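> Give me a 3D structure for the following:
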Amino acid sequence: MSPILQRLLELSAKPARIVLGLISGTSADAISVAICRIKGGGIPTPGNPGAEVELIQYYEHPYAASVRRQVFGAADLNVRTIAELHVQVGELFADACLSAIQAAKLTPEEIDLIGSHGQTLYHHSSMPGVPRATLQVGDGDQIAERTGICVISDFRSRDIAAGGEGAPLTPFSDLILYAGPAGASANRRRVILNLGGIANVTILDPDPDRVFGFDTGPANSLLDRLAVQLSGGELTCDLDGRLARSGTVNAALLDDLLTTDPFLQRRPPKSTGFEMYGDAFLERAVAAHGRRDHDLMATLTEFTARSITKALDRFVVDPPVGEIIVAGGGARNPALMERIRANMNPVPVRDSEEVGVSSSAREAMAFALFANEALLGHPTSLPSVTGARTPVILGKWSFPSA
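Next up, the predicted model:
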């Protein structure tokens, strides 16, 4: 037997593993790293605790401004620059791993496995006639070579190959992080709302076949881009929601956006990305509004909140939403959170921290879980979420040099 296969067998036999998960979301503001101790594996079921996760260290690694510009300008890159970016982001992710390990006062030899989502450059928006395709850069081989640790990456592609959307993927990990056996009977109406560049929801249920989730539309994508423009590059986001709070909603534009947006009208399963809610969308909104100002920020903030709450009102009806748990960078935007709470009233909207899951670390923890499940041979795609023909094991392996 090859040494690497022997190593994987030994890892799979351990009662608990230290697994590092990392991701840079569609906002590309930083690389999020979660080092977790994971005991066992699988989804919790009656009599079986499933995977039990302890967050050892959360770390955010800065993104070089030049790389961030390339990510946001991906549509203008050529084959060479995309290939180079794939390597460059992989090197940055390796740096992030090593820095997080050092911050946790661990050594690379103590890390059993790495799960890396990478950086999304393209994801189809599930519109009719658009082939399902996805591209995450951040070469897993670069990470494995630099760290000396086995890496699992490129998680979306396998679900697409099985006929799925390839997103959202985190409903599987949400079943573990938010719906343990102790609270399973109460979680039928619990919604996990992630506010990254794109907003997505997980509707939990003790029965994994009844769990579903989907992208609702934009979260930070439009707001971050407009904040950069309004501040002349000094801001990367609407800090504390100040820009939105100082503006007035353009009611006519808001109504037009809500009624004419084709993605909002589609039923799940569905997923989207910057191709739908990026620079082109923002420029159309600017043209319709007639200017770039704080009123446009207020309008797009309200549009973002309404696109989320309208999706929940329309698609989560049996049983209806009982509570919403919010995670992701958008949870730190008080203007956006105020509008979500107002639109969902009287449904309680709570921060993920209140239920014991780090809002910032949630997605990175998810990819640590996906790596752990791949090692154990467990499928992590949920056909009820993505529409895949069958549950499949997600991720591709990269092995370090002997």
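
> Can you pull the domain assignment for the chain?
The chain resolves into domains spanning 3-169+361-398, 179-355 when parsed by automatic domain parsing.

> mind showing which ranges of the chain have poor pLDDT?
180-188, 206, 402 (pLDDT under 70).

> Show me what counts as buried in the strand or helix carrying A252.
Here A252 sits within helix 251-260, counting by DSSP states H and E. For helix 251-260, a neighbour-count test (16 or more other C-beta atoms under 10 Å) marks 253-254, 257 as buried. For the C-beta atoms, the positions are set from N, CA and C on the backbone; glycine is no exception.

> Which single one of these is nearest to D95?
Distance to D95, by C-beta to C-beta, is smallest for L257 among these, at 39.3 Å.

> check contacts around that closest one.
When the contact criterion is C-beta atoms under 8 Å, 6 or more residues apart in numbering, the partners of L257 are 285, 299, 303.

> cool, and A371?
Contact partners of A371, counting by C-beta under 8 Å, 6+ apart, are 19, 21, 113-115, 152, 395.

> Surely it is within a strand?
No. Under the criterion used here (DSSP: H, G, I helix; E, B strand; the rest coil), A371 is helix, not part of a strand.

> Start the count at 330 instead of 1 going forward.
Yes, from this point I'll number from 330; that puts the last item at A700.

> which residue sits closest to it, ignoring its sequence neighbours?
G444 (2.9 Å; C-beta to C-beta, 6 or more residues apart in numbering).

> how near is that neighbour to I478?
Remark: distance between G444 and I478 (C-beta to C-beta, to the nearest Å) = 11 Å.

> same question, A403
Using C-beta to C-beta, we find A403 at a distance of 28 Å from I478.

> Repeat that for A573.
42 Å.

> Of those two, which one has the most company?
Just comparing A573 and I478: by other C-beta atoms under 10 Å the higher neighbour count belongs to A573, 28 against 24.

> For that one, pull up the helix or strand it's in.
Assignment of secondary structure by DSSP H and E places A573 within helix 571-574.

> now A556
With secondary structure defined by DSSP H and E, A556 is part of helix 550-559.

> again with R668
Counting by DSSP H and E, the secondary-structure element that holds R668 is helix 663-673.

> now that helix against helix 550-559, angle please.
Relative orientation of helix 663-673 versus helix 550-559 (axes from the mean of the first three to the mean of the last three C-alpha atoms, to 10 degrees): 150 degrees.

> Same question for helix 663-673: list its buried residues.
Using 16+ other C-beta under 10 Å as the burial criterion, the residues of helix 663-673 that qualify are 664-670, 672-673.

> Just name whatever secondary elements that helix is in contact with.
For helix 663-673, the packing partners by 3 or more C-beta pairs under 8 Å, 6 or more residues apart in numbering; DSSP states H and E come out as helix 571-574, helix 623-644, strand 652-656, strand 678-680.

> S502 is nearest to which of the ones you listed?
Closest to S502 of the helices and strands packed on helix 663-673 is strand 652-656 (C-beta to C-beta; 11.2 Å).

> quick one: strands adjacent to the closest one?
According to DSSP bridges, strand 652-656 forms sheet pairs with strand 519-524 (parallel), strand 678-680 (parallel).

> Just the C-alphas of it, formatted as CSV.
Taking Å, rounded to 0.1, in the frame of the first residue of the first chain, the C-alpha atoms of strand 652-656 are listed here in CSV:
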residue,chain,number,x,y,z
GLU,A,652,-36.6,32.2,13.5
ILE,A,653,-33.7,33.4,11.4
ILE,A,654,-30.1,33.0,12.4
VAL,A,655,-27.8,35.4,10.6
ALA,A,656,-24.1,34.7,9.8
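
> Give me every residue in contact with it, excluding its own residues.
Counting contacts by C-beta under 8 Å, 6+ apart, the residues outside strand 652-656 that touch it are 507, 518-524, 641, 666, 669, 673, 676-681, 683-684, 686, 688-689, 691-692.

> Over to stretch 668-677?
Contacts of stretch 668-677 (C-beta under 8 Å, 6+ apart): 522, 630-631, 633-635, 637-638, 641, 650-653, 655, 678.

> Of these, which pair is most distant in space?
Of all pairs drawn from the contacts of stretch 668-677, the one with the largest separation by C-beta to C-beta is T630 and G651; the distance is 25.4 Å.

> of the two, who's got more company?
A side-by-side neighbour count of T630 and G651, using other C-beta under 10 Å, places T630 first with 26 against 14.

> how would you label the residue nearest to P720 when sequence neighbours are not counted: helix, strand or coil?
Residue nearest to P720 in three dimensions, not counting chain neighbours: P708, with 3.5 Å by C-beta to C-beta, 6+ apart. When states are read from three-state DSSP, the local structure at P708 comes out as coil.
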